[in-house]
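>>> have a look at this prediction, sequence included:
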Amino acid sequence: MSNDLLELMNDIAEIECDVPLSTMTTLRIGGPARYVAYPDSTVALDALVSLLKERKVPYKVIGKGSNLLCSDDVFEGVIIRLDKFDDYYFIGNDLIAQAGCSIIALSYQAMKNGLSGLEFASGIPASVGGVTFMNAGAYKSSMSDVIDQVFVYRDGKFEWMPCSECEFAYRKSIFQTHTDWIIIAARIHLVPKDVNEIRELMDSRRERRMSSQPLDKPSAGSVFRNPEEVPAWKLIEGIGYRGKRIGGAMVSEKHVNFIVNEDGASARDFLSLVDEIKERVEAQYQIRLHMEVERFNWPNRK
Ligand SMILES: Cc1cc2nc3c(=O)[nH]c(=O)nc-3n(C[C@H](O)[C@H](O)[C@H](O)COP(=O)(O)OP(=O)(O)OC[C@H]3O[C@@H](n4cnc5c(N)ncnc54)[C@H](O)[C@@H]3O)c2cc1C
């Protein structure tokens, strides 16, 4: 990366240098990112991305880092964070929220406004950008059930995309195949409901999560996608891996599809455990598990 890059980026956005990705992910794992940029407007984002493309500098937009397994290596590029894109507006029964908003905070705001639809998301520690990208979901609901349109930056233009064009499926969206597109905001359609009813549902879901998930330990949520035939946790349980540990990474005792950072785990510890689980499950059940957690900055591994 050329010497004047930092100076040019500094004119566009707030920039931090050499920031460990472990401080930007819920797993608390990951080597340093050379630069982290915090654009505060679409104009700044456009200028920043144009500069990085022109200079052929790798970059990645991240949300709350709750679905990322970053390698221990240095990321020689720019992490773009949309934390300053945190405005939201209620318009009638719809909620327009910028990509950096916390989906947990929004689901509580919707509840206070007597609007139902985001209860399922009230325990997902993620950003609007991240939940849209992943089509995150729980309790048989997912973002695609409530997203009406997505405001996206693609090919140098900002435009609204209708939900029908987002190719949403189980934990999938078109944004996963167009990784250069940036989600700026989403328009979420909600329906009026009694505030107390919404609150009760959210409270019961919170209790369920607290009793079934290791929320006191760093993790990235469920590690594997559920195969069609059988939930991933049953397979992991079946190979006897509850509590299995490699280095600082451990299969949670509380929820076996969670691998927690028990004690200063490296990315390598985590991935070794993942690989071992995949191998044993395949040998025992002839089922191939696929990671739901995304690996980032693993240049030497497919
Ligand atoms: C305790 C815990 C519980 C969880 N529970 C659930 C659950 O119930 N259901 C579920 O589905 N998931 C769950 N997850 C996983 C995770 O929260 C989701 O996958 C979520 O969608 C990730 O959002 P994020 O903002 O953290 O994105 P990140 O992890 O930061 O990024 C994920 C991907 O989205 C891309 N991305 C992020 N923002 C943008 C943007 N603005 N434009 C373009 N691309 C973008 C990133 O480049 C990356 O590829 C859980 C995780 C934890 C730690």
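Noted; the coordinates are in hand.

>>> what parts of the stretch 101-250 of the chain come near the ligand?
124-127, 129-131, 133-134, 136-138, 175, 182-183, 213, 215, 219-221 (Cβ under 6 Å from any ligand atom). No exception for glycine: its C-beta is placed from N, CA and C like everyone else's.

>>> swap in 5 Å and give it another go.
With Cβ under 5 Å from any ligand atom as the criterion, the stretch 101-250 of the chain comes near the ligand at residues 124, 126-127, 129-131, 133-134, 136, 138, 182-183, 221.

>>> which one of those residues sits closest to K254?
For these, the closest approach to K254 (Cβ to Cβ) belongs to G221, at 12.9 Å.

>>> check what pLDDT K140 gets.
K140 carries a pLDDT value of 89.

>>> tally of neighbours for it?
7 (other Cβ atoms under 10 Å).

>>> now the stretch 151-300 of the chain against the ligand: closest residue?
Residue nearest to the ligand within the stretch 151-300 of the chain (Cβ to the nearest ligand atom): G221, separated by 2.5 Å.

>>> hmm, that residue is touching L68, no?
No - the pair G221 and L68 does not pass the contact test of Cβ atoms under 8 Å, sitting 10.7 Å apart.

>>> which of the three states applies to R199?
Following DSSP: H, G, I helix; E, B strand; the rest coil, the label given to R199 is helix.

>>> contacting residues around it?
Counting by Cβ atoms under 8 Å, 6 or more residues apart in numbering, R199 makes contact with M111.

>>> point out where the stretch 1-150 of the chain drops to low pLDDT.
Across the stretch 1-150 of the chain, nothing is flagged by pLDDT under 70.

>>> same thing but at 90, please
1-3, 139-140 (pLDDT under 90).

>>> which residues of it fall in helices?
Assigned by DSSP state H, counting those that start in this stretch, the stretch 1-150 of the chain shows helices spanning 5-10, 42-54, 103-112, 128-134, 143-146.

>>> which of the ones you listed is buried the deepest?
Highest mean neighbour count among those (mean count of other Cβ atoms under 10 Å): helix 128-134, with a mean of 28.

>>> the domain parsing of this protein - what is it?
5-81, 88-212, 232-296 (automatic domain parsing).

>>> include distance to N226 when you put these into CSV, please.
Formatted as CSV, these follow (distance: least, Cβ to Cβ, whole Å):
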stretch, distance to N226
domain 5-81, 15
domain 88-212, 8
domain 232-296, 5
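
>>> among the ones you listed, which is nearest R225?
Closest to R225 of these is domain 232-296 (Cβ to Cβ; 4.7 Å).

>>> quick one: that closest one to chain centroid distance?
A distance of 19 Å separates the C-alpha centroid of domain 232-296 from that of its chain, computed with Cα atoms, centre = their mean, to the nearest Å.

>>> just the endpoints, please. Distance across that domain?
Its first and final residues considered, domain 232-296 spans 22 Å by Cα to Cα, to the nearest Å.

>>> likewise stretch 229-243?
Terminal-residue distance, stretch 229-243 (Cα to Cα): 24 Å.

>>> got it, and stretch 160-178?
From start residue to end residue, stretch 160-178 stretches across 16 Å - Cα to Cα.

>>> swap in stretch 162-171?
End-to-end distance of stretch 162-171: 18 Å, with Cα to Cα as the criterion.

>>> quick one, what contacts R28?
By Cβ under 8 Å, 6+ apart, R28 lies in contact with 22, 218, 261.

>>> and if we set it to 10 Å?
By Cβ atoms under 10 Å, 6 or more residues apart in numbering, the contact set of R28 is 20-22, 65, 217-220, 248, 260-261, 264-265.

>>> next one: A37
So A37 contacts 9-10, 12-16, 44-45, 48-49, 51-52, 59, 61, 78-82 (Cβ under 10 Å, 6+ apart).

>>> show me which of the residues you listed neighbour the ligand.
V61.

>>> quick revisit: surely the residue of the stretch 151-300 of the chain closest to the ligand is in contact with P125?
Yes - if you go by Cβ atoms under 10 Å, G221 and P125 touch, sitting 8.2 Å apart.

>>> can you list the weak-confidence ranges in the stretch 151-300 of the chain?
For the stretch 151-300 of the chain, the stretches with pLDDT under 90 are 299-300.

>>> just to revisit the earlier point, settle it for me: which of G221 and P125 has more neighbours?
Legend: neighbour count by other Cβ under 10 Å for G221 and P125, higher for G221 (21 against 18).

>>> which two among the residues of the stretch 101-250 of the chain next to the ligand are spaced furthest apart?
Going by Cβ to Cβ, the pair spanning these furthest: A138 and I182, at 25.1 Å.

>>> who's more crowded, those two?
I182 (24 against 17).

>>> how about the contacts made by the more buried one?
Applying Cβ under 10 Å, 6+ apart, the residues near I182 are 42, 45-46, 49, 59, 61, 80, 82, 85, 99, 129, 133, 151-154, 158, 175.

>>> please consider this matter closed, and thank you.
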